[in-house]
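Peer 1: Coordinates only, no sequence provided:
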């Protein structure tokens, strides 16, 4: 009986140690989960705050650019001169120069990749883009929007009066344009470039940009639509 009793004590001691170990392990695991969730929540709150701040910044940037386009389209006399399409006057060529100069200045002020003007009366297209825009990209975008403006399908009932996206050569771009009399005045920006200041070049694809229909208009998105 004495031998059996000794083994019983050892068994109970071992069981107690194992129980304490399991409880400690459970406590540590629970504590780690709580800490992990707190860190997750802080990261989420920080990212959410950053997204809201950047969204507000984008909205403000787009609003100021839109006001510039609107004022330019309605008030600039050079647009009216180009509309007349009188190539025999010095004013016509002077107006083109002034438009190019104004657009070049606008590129230094507003966060856009390009500004353009198209007059349907004289089939005159004027555009200025950022220096880093490649010739192929410039030509691809020009060809697409030129044909749409020429055929009067660039601004529709769906996109008129707001920013809208177009897919050109597999990449998405945001456009804003006004049509005053016989001329279009507008601008565009690469959606990928829009997101770079937020997450950096290497992580741009981790943030999605979608339109009001839920269609993802980010380049190389992990999803096509957002429910």
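Peer 2: Arrived safely. On a predicted model such as this, the values are computed, not experimentally measured, just so you know. Numbering: from 1, shown residues only.
Peer 1: Mind naming the longest helix for the chain?
Peer 2: helix 2-75 (DSSP state H).
Peer 1: tell me which element residue 147 is part of?
Peer 2: Assigned by DSSP states H and E, residue 147 falls within helix 135-150.
Peer 1: Give the buried residues for that helix.
Peer 2: By neighbour count with 16 or more other Cβ atoms under 10 Å, helix 135-150 contains the buried residues 137, 140, 141, 142, 144, 145, 146, 148, 149. In this view, the C-beta of every residue, glycine as well, is placed from N, C-alpha and C.
Peer 1: Can you tell me how far the closest residue to residue 64 other than its chain neighbours is from residue 22?
Peer 2: Residue nearest to residue 64 in three dimensions, not counting chain neighbours: residue 110, with 6.7 Å by Cβ to Cβ, 6 or more residues apart in numbering. According to Cβ to Cβ, to the nearest Å, residue 110 stands 63 Å off from residue 22.
Peer 1: And residue 191, by the same measure?
Peer 2: Distance from residue 191 to residue 22, by Cβ to Cβ: 53 Å.
Peer 1: For the two, work out which one has more neighbours and name it.
Peer 2: residue 191 (19 against 10; other Cβ atoms under 10 Å).
Peer 1: any idea how far the more buried one is from residue 15?
Peer 2: 63 Å.
Peer 1: what about residue 101, neighbour count?
Peer 2: Residue 101, neighbours per other Cβ under 10 Å, totals 12.
Peer 1: tell me the average confidence for stretch 36-51?
Peer 2: For stretch 36-51, mean pLDDT is 76.
Peer 1: mind checking how far it is from the chain centre?
Peer 2: Centre-to-centre, stretch 36-51 and its host chain are 22 Å apart (Cα atoms, centre = their mean, to the nearest Å).
Peer 1: and if you look at stretch 183-191?
Peer 2: On the basis of Cα atoms, centre = their mean, stretch 183-191 sits 14 Å off its chain's mean C-alpha point.
Peer 1: Adjust the sequence numbering to begin at 840 for everything that follows.
Peer 2: Got it, first residue is 840 now, which makes that one stretch 1022-1030.
Peer 1: What average pLDDT does that stretch get?
Peer 2: pLDDT averaged over stretch 1022-1030 gives 93.
Peer 1: Roughly how far does the nearest residue to residue 905 once chain neighbours are set aside sit from residue 979?
Peer 2: Leaving aside its sequence neighbours, residue 905 sits nearest to residue 1015 (Cβ to Cβ, 6+ apart; 5.7 Å). Plainly put, residue 1015 is 19 Å away from residue 979 if you go by Cβ to Cβ.
Peer 1: now swap in residue 917 and tell me
Peer 2: Taken as Cβ to Cβ, the span from residue 917 to residue 979 is 27 Å.
Peer 1: what do you get for residue 851?
Peer 2: 80 Å.
Peer 1: do the same with residue 921
Peer 2: 24 Å.
Peer 1: Which positions in stretch 948-963 come out as buried?
Peer 2: Here stretch 948-963 shows 949-959, 961, 963 as buried, counting by 16+ other Cβ under 10 Å.
Peer 1: what's the closest of those residues to residue 933?
Peer 2: Proximity of these to residue 933 (Cβ to Cβ) peaks at residue 963, which lies at 13.7 Å.
Peer 1: Where does pLDDT dip in the protein?
Peer 2: 840-848, 850, 1036-1047, 1049-1051, 1053, 1055-1066 (pLDDT under 70).
Peer 1: Recalculate using a threshold of 80.
Peer 2: Counting by pLDDT under 80, the chain shows low-confidence ranges at 840-856, 858-862, 870-872, 874-875, 879-890, 893-894, 926-927, 1033-1066.
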